[in-house]
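Peer 1: With the sequence up front, the predicted model follows.
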Amino acid sequence: MEGILGYLFIYFAKVSDVTLATIRMIMVVKGRRIQAALIGFVEIIIYIMAIGKVLTELNNPVNVIAYALGFASGNYMGIFVEEKMALGSIIVQVISLGNSMYLVEKLRAEGFGVTVVEGYGREGMQHLLNIMMQRKNLPKLYRIIDEHDKKAFVTITDARSIRGGYFTRFKRR
């Protein structure tokens with residue numbers, strides 16, 4: 001029983017360690033120094049405890065397997081948690097072959113700030129919609145775009161910071 005508890009400890013410690021590492025890196029990229037430092041403090045304590053357990057019994061291959069499985073699972077969990085947290089701002093660009101100005105008005109009515117730029121593509125004159133927004137509102141944006149044009153071309157990039165511009169509170173529905 002003690003062996004199984006040891007394997008579970010290694011596995012869950014490594015899952016926690018790698019999940020925290022993923023979140024810490026996001027905080028670093030977003031310039032959130034204090035949060036990154038605090039997460040790093042907890043992360044390294046967990047790491048030392050897990051690797052210490054593995055190294056004291058290095059001749060036990062199940063410890064190494066539990067560590068490796070924890071690492072793999074931690075990567076999966078880190079990405080999952082990061083997606084659920086949806087931190088930060090993004091820049092979304094949309095090109096719709098439908099009536100773009102109708103989509104612009106719909107987006108603005110729903111609280112999105114939209115800047116329209118005219119461009120020339122393969123299909124002729126197009127409107128490029130630039131939308132700066134919080135990542136957590138992306139599902140709502142997708143829903144509105146899909147109602148208008150399921151074949152719209154959408155690109156998303158992270159914005160490290162946003163200063164100025166038009167932002168409004170989203171209407172609750």
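Peer 2: Yep, it's here.
Peer 1: any idea which strand is longest in the protein?
Peer 2: strand 124-134 (DSSP state E).
Peer 1: Which stretches in the protein count as strands?
Peer 2: 89-95, 114-121, 124-134, 153-159.
Peer 1: So what are the sheet partners of the third one and their directions?
Peer 2: Sheet partners assigned to strand 124-134 using DSSP bridges are listed as strand 89-95 (antiparallel), strand 114-121 (antiparallel).
Peer 1: and of those strands, who's closest to Tyr142?
Peer 2: strand 89-95 (9.4 Å; Cβ to Cβ). (Glycine included, C-beta is placed from N, CA and C.)
Peer 1: Measure how the closest one sits relative to strand 153-159, angle-wise.
Peer 2: When axes from the mean of the first three to the mean of the last three Cα atoms, to 10 degrees is applied, the directions of strand 89-95 and strand 153-159 differ by 160 degrees.
Peer 1: Can you give the contact residues for strand 89-95?
Peer 2: With contact meaning Cβ atoms under 8 Å, 6 or more residues apart in numbering, strand 89-95 is reached by 103, 121, 126-135, 138, 141, 145, 152-159, 161-162.
Peer 1: if we can go back for a sec, ok, which of the strands of the chain comes nearest Ile10?
Peer 2: strand 153-159 (33.8 Å).
Peer 1: Can you list the strands that the closest one pairs with?
Peer 2: Here, using DSSP bridges, strand 153-159 pairs with strand 89-95 (antiparallel).
Peer 1: quick revisit: any chance of the strands paired with strand 124-134 in JSON lines, with distance to Ile79 too?
Peer 2: JSON lines is the format used below for the strands paired with strand 124-134 (distance: least, Cβ to Cβ, whole Å):
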{"stretch": "strand 89-95", "distance to Ile79": "17"}
{"stretch": "strand 114-121", "distance to Ile79": "29"}
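Peer 1: Can you tell me which of those is most buried?
Peer 2: strand 89-95 (a mean of 18; mean count of other Cβ atoms under 10 Å).
Peer 1: Stretch 48-66: which residues count as buried?
Peer 2: 50, 53-54, 60, 63, 66 (16 or more other Cβ atoms under 10 Å).
Peer 1: got it, and stretch 77-86?
Peer 2: Buried residues in stretch 77-86, counting neighbours by 16+ other Cβ under 10 Å, are found at 77-78, 82.
Peer 1: Looking at those, which one is closest to Arg24?
Peer 2: Gly78 (9.5 Å).
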